[in-house]
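Asker: sequence plus predicted model, see below.
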Amino acid sequence: MKTALGAAVTASILLIAGAAIAAPRTATLQVENVSCVTCAPIVKKVLSRMPGVNQVAVVERGGTATATVNFDDSTVTAEALAQATTNAGYPSTVKEAMGSATGATVVAR
């Protein structure tokens, strides 16, 4: 009985530790070529289909868009999100990534 209890406690600790490592992150992407009424929804769809993405908001202004993406960094990176929109014909760069593993905010210049 003690062995089963010990195993259950160990499994619980490992599960909690794993959840602490994989934290939600937010990235802001600058997306180019968003010039028509269907472009922003396409960018949103591309990002939403990425594994680990929880929420996407896309705001278009004058041919460019800002995409704010909440995601699980154990599944996908901000750079992979930018690459996905680029592959879909909407080149993008990471403007800001908040909540990195160090707790810092990274801003691209």
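Answerer: Thanks, I have it. Everything quoted here is computed from the prediction, not taken from an experiment.
Asker: and Thr93, what are its bridge partners?
Answerer: According to DSSP bridges, the residues that bridge with Thr93 are Gln30.
Asker: pretty sure it sits against Leu29.
Answerer: Yes - with contact defined as CB atoms under 8 Å, Thr93 counts as touching Leu29 (6.8 Å). Any C-beta I mention is one placed from the backbone N, CA and C, and that applies to glycine too.
Asker: what do those two both touch?
Answerer: Ala82 (CB atoms under 8 Å, 6 or more residues apart in numbering).
Asker: compare the two (neighbour count), which wins?
Answerer: Each of Thr93 and Leu29 has its neighbours counted (other CB atoms under 10 Å); Leu29 has more, 27 against 15.
Asker: the more buried one: what's it in contact with?
Answerer: Counting by CB under 8 Å, 6+ apart, Leu29 has contacts 66-69, 78, 81-82, 85, 92-95.
Asker: reformat these as TSV; add secondary structure, pLDDT and distance to Val53.
Answerer: What follows is those, written out as TSV (DSSP: H, G, I helix; E, B strand; the rest coil; pLDDT from 0 to 100; distance: CB to CB, whole Å):
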residue	secondary structure	pLDDT	distance to Val53
Thr66	strand	97	16
Ala67	strand	98	11
Thr68	strand	98	11
Val69	strand	98	6
Ala78	helix	96	11
Leu81	helix	98	7
Ala82	helix	98	13
Thr85	helix	98	12
Ser92	strand	97	14
Thr93	strand	97	18
Val94	strand	97	14
Lys95	strand	95	17
